[in-house]
Each structure stands twice: as structure tokens, then as C-alpha cells.
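Q: Generate coordinates for the sequence data below:
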Amino acid sequence: MPLRLPDLLPAIELLKHENIFVMDDSRAHMQDIRPLKIVILNLMPLKITTETDLIRLLSNTPLQLEISFMKLKSHTPKNTPIEHMMMFYRDFEEMRNEKFDGMIITGAPVEQMNFEDVTYWPEMKDIFTWARTHVTSTLYICWAAQAGLYFHYGIPKYPLQKKMFGIFPQQTSDPQLPIFRGFDDVFQMPHSRHTEIHRDDILNHPDLTLIAEGDECGVSMVMARSGREFYITGHLEYAPNTLDTEYRRDRDVRDDVELPRHYYRNDDPNQPPMVTWRAHANLLYNNWINYYVYQETPYDINQIG
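A: Reported below is the predicted structural model:
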């Protein structure tokens, strides 16, 4: 089954070239089934890139998904055309009275700031609170994971001595969880961050479950409220070239940029990346949609919360 996307969204044509089946609103209106409503709060600077990355992963479910994009009224993005934002995104205030089967909140380039110093922190707090009564299950990614854990559970973040940058092996603490259905004993996850969550803070909180971590990268996945919330400190949604683009961008302006670890073949940036995380990324998003959204959400979406 296809994803249902807004007419003219740039990701549609990009993904069609990858033989991914997507459907625009005009065609979807001809079908008589209720799609799952998924809202994406996209805080990343390159919004079209992030849209495409996430839609690529969501496209593998056999269910029809209706994708909406949320933006903040208190923040104006600098790297995405205003026409794109006006056409495909709506302010949180416009969506406040709607309910959604699933939500994804992305990372943001503000992780080295205190949460309270982020200009849009008050609006983020409203959204975090709203999601608990208006969304069946929410994925928090990277900075959003740290911010959500801090807001909901008081879990602090800590600065790293050097950036966690590369592809790192992870192990699950409970392979029987439906979110890990079909996973191998070890799976890979991209990370790109300057801060971290300490495992002892998670283990000592009775409402949180540490479900995946790595020897090098530490805490990578935390579950709460029986799967109504997942906090992912890495970026399984990343495309093969994302870390390469980030490395070359930073290398051009600074002389202290290290190679992303476990990424390039033979650690040689002149060779292509080794893509080792794509299969598990698809599995995780498929499992989330199936077991924690579709299997849990009511048919009458107004009954959520």
C-alpha cells in the first residue's frame, strides 16, 4: 500500500525514481479506507531532505498512511523556501484540535544549548504535552529525544568531549519487544551529536526502559508508556550520503573535524560509505507503524487520548 502525501510534495517525484509507491491526495480520496494519520514535526534545517528520508522509511508498510507536516509558529526556518513551508506545513496552533495515530519529532541543530535557552522551547513544551493526549505513539529523534526525556522525566543531557559521529553497533536489551521483530543480535545506527544521555539516569527512572545501547555510543533507544513513546538518540532515517555531506561541510570551515567512524570503506573518505543500517531502519519503522500505531490506535480517531 502507498503513502498518502500532499499534492506536489517534492519527495513524491524523488521517491518515484526509487520505485517507492506513493500516492497524492487527489488519488487517495478515491479509496474508501481510513488511512493512519501520521504527523511529522520537522525541526531539521534541510527540511526537504528530512521529509524524503522519513517518507522513504514509512513507505514500506502495507498500510495507507496520511502524512502531515507540522511547523513551529515561534521559529522561522532559514534553509527552506518559505513557499515550501506555506504549501506543505501548518503551525501547531492550527493542528491543536486534531488527533493523530503516530507522530515523529526530529532532531534540531540546538543540542549544545540549554533547553530553556532555545527560543522555541515554550512551544515545544506545549507540543510534548499535547502529544500525550492527541497521538497514539510518538517517535522522538536525536535532540527531540533528549528534549522529550528532559521535559517528561527530568533526564539531563551531558556534553561530550568530542562529537559522536559515525555508524555504531547497537544491542537490544529485550529482543522479544515487537519494535525489534526481525532484528539481528547487533544492528547499526548512525549518530551525529555533541551531547549524550547517561544510562544510569534511564535505569534509575521507574517509568523508562533502556531498550538499545552501544559500547561506543551509549544510550540509543529508550521506551516509555508501553511504546506510546520511543526516544532514539541516533538517526536511523539518514540516507547513505548524509554523514558524508556533513563531514565535508564541516571540514571546509574547521580544521578539527574527524572522520565519521565505521562509515567509509577502509576509513577512506575518497571511497563510498558502507551502508550497514538501512535494513534495520526499515524494520524499525515498519514495526513501529504495525505494532505500536496500527495495532493500538482506535478506528475512531477521536477516541485517542
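
Q: Can you name every helix or strand that the helix or strand in which residue 249 is found contacts?
A: Using DSSP states H and E, the element containing residue 249 is helix 242-251. Packed against helix 242-251 by the contact rule (3 or more Cβ pairs under 8 Å, 6 or more residues apart in numbering; DSSP states H and E) you find strand 158-172, strand 186-196. C-beta here means a position set from N, CA and C on the backbone, and glycine is covered the same way.

Q: Any chance of those strands in CSV with distance to residue 282 as columns?
A: Converted to CSV, these look like this (distance: least, Cβ to Cβ, whole Å):
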stretch, distance to residue 282
strand 158-172, 15
strand 186-196, 11
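
Q: highest average neighbour count across these?
A: Sort the helices and strands packed on helix 242-251 by mean neighbour count, taking mean count of other Cβ atoms under 10 Å, and strand 186-196 sits at the top with a mean of 20.

Q: Show me what that one is packed up against.
A: Where contact means 3+ Cβ pairs under 8 Å, 6+ apart, strand 186-196 is packed against strand 158-172, strand 218-224, helix 242-251, helix 278-287.

Q: Quick one: mean pLDDT for the shortest one?
A: Looking at strand 218-224 alone, the average pLDDT works out to 98.

Q: going forward, begin numbering at 625 instead of 1
A: Taking 625 as the first residue, the last one we looked at is strand 842-848.

Q: which residues sit against the following helix or strand past it?
A: Going down the chain from strand 842-848, the next helix or strand is strand 853-856, by DSSP H and E. By Cβ atoms under 8 Å, 6 or more residues apart in numbering, the residues outside strand 853-856 that reach it are 761-766, 769-770, 772-773, 776, 803, 844-848, 912, 916.

Q: Need the CA coordinates for strand 853-856. PDB is fine.
A: C-alpha atoms of strand 853-856 as PDB (Å, rounded to 0.1, in the frame of the first residue of the first chain):
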ATOM      1  CA  GLU A 853       6.900   7.000  23.400                       C
ATOM      2  CA  PHE A 854      10.200   6.000  21.800                       C
ATOM      3  CA  TYR A 855      13.300   8.100  22.300                       C
ATOM      4  CA  ILE A 856      16.000   7.400  19.700                       C
END
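
Q: Which strands border it, and is each parallel or antiparallel?
A: In the sheet, strand 853-856 lines up against strand 759-765 (parallel), strand 842-848 (antiparallel) (DSSP bridges).

Q: any idea of the mean pLDDT for it?
A: Averaged across strand 853-856, pLDDT comes to 98.
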